[in-house]
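[1] Could you work out the structure for the sequence below:
(one chain, ligands or ions: 2)
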Amino acid sequence: MLDIRRKIMVAVDGSAVSDKAVYEAVWLAGNQRSNLKNELIAVFVKTDRMRDYDDLFVRGIPAGEIDDRWEKIIENAFFVVRKLAAEKDIVLETIVVEGEPASTIVGLAHNHDVDLLVIGSTGKGAVKRAFLGSVSAEVIEHAGCGVYVVRA
Ligand SMILES: Nc1ncnc2c1ncn2[C@@H]1O[C@H](COP(=O)(O)OP(=O)(O)O)[C@@H](O)[C@H]1O
Ligand SMILES: [Mg+2]
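    Ligands and ions are numbered 1, 2, ... in the order given. This is a model prediction of the structure:
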């Protein structure tokens, strides 16, 4: 029988636009038969582009506290997806990996055999008025699956 379950991956960076992407991804994943659950995977890539997180990483924080900061950033990035997925009874997996965001997201989507990747058009570290951020542009170009770009 035709398998109509879908595996949807959403990339979160803790920005308002990525929250919008989460909202759409949860809506898509929620369109399921109760006995055939779609799967939702949320991924956060730890990048060394600290300027993306300048609002939290004030200069000169002691090295020992950097891990704590990351904990908070990651917790915050997954907050909305955890809440919405729980409300809609959607199976959610969260993944945190270190690396270069775009290629890591593309690689994870491939390895997890996802049907659709949902991302925001811009995110943290937005160059104002840019149509697409560098991560979204790269993901669109290189992803092996469909990409749903949620506009700011
Ligand atoms: N480090 C990251 N981890 C996971 N997803 C990310 C990351 N950075 C960006 N994204 C995804 O890509 C989208 C676009 O962000 P990006 O291209 O980085 O724009 P900007 O240049 O404005 O920061 C975000 O809304 C999010 O969905
Ligand atoms: Mg960014």
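
[2] Confirm residue 44 sits in a strand?
    Yes - per DSSP: H, G, I helix; E, B strand; the rest coil, residue 44 lies within a strand segment.

[3] list the contacts for it?
    Residue 44 makes contact with 11, 12, 13, 14, 74, 77, 78, 94, 95, 96, 97 under the criterion CB atoms under 8 Å, 6 or more residues apart in numbering. Placement of C-beta: from N, CA and C, glycine included.

[4] again, but for residue 16
    The contact partners of residue 16, by CB under 8 Å, 6+ apart, come to residue 152.

[5] Report whether the host helix or strand of residue 40 contacts ligand 2.
    In the assignment (DSSP states H and E), residue 40 maps to strand 39-46. No - on the criterion CB under 5 Å from the ion, strand 39-46 is out of touch with ligand 2, staying 9.9 Å away.

[6] Can you give me the buried ones in that strand?
    For strand 39-46, burial by neighbour count (16 or more other CB atoms under 10 Å) applies to 39, 40, 41, 42, 43, 44, 45.

[7] Considering the contacts of residue 44, which possesses the most neighbours?
    If you count neighbours using other CB atoms under 10 Å, the busiest of these is residue 11, which has 30 neighbours.

[8] Surely residue 70 is in contact with residue 47?
    No - with contact defined as CB atoms under 8 Å, residue 70 does not reach residue 47; the gap is 10.7 Å.

[9] Tell me which helix or strand in this protein has the weakest average pLDDT.
    One helix or strand of the chain scores below all others by mean pLDDT, DSSP states H and E: helix 66-87, with a mean of 92.

[10] now for the helix or strand just after it, which elements pack on it?
    Remark: after helix 66-87, the chain's next helix or strand is strand 91-98, criterion DSSP H and E. Here strand 91-98 touches strand 39-46, helix 66-87, helix 101-111, going by 3 or more CB pairs under 8 Å, 6 or more residues apart in numbering; DSSP states H and E.

[11] hmm, who's touching strand 91-98?
    The set of residues external to strand 91-98 that reach it, using CB under 8 Å, 6+ apart, is 37-47, 74, 78, 81-82, 85-86, 104, 108.

[12] other SSEs contacting the least confident helix or strand of the chain?
    helix 16-30, strand 39-46, strand 91-98.
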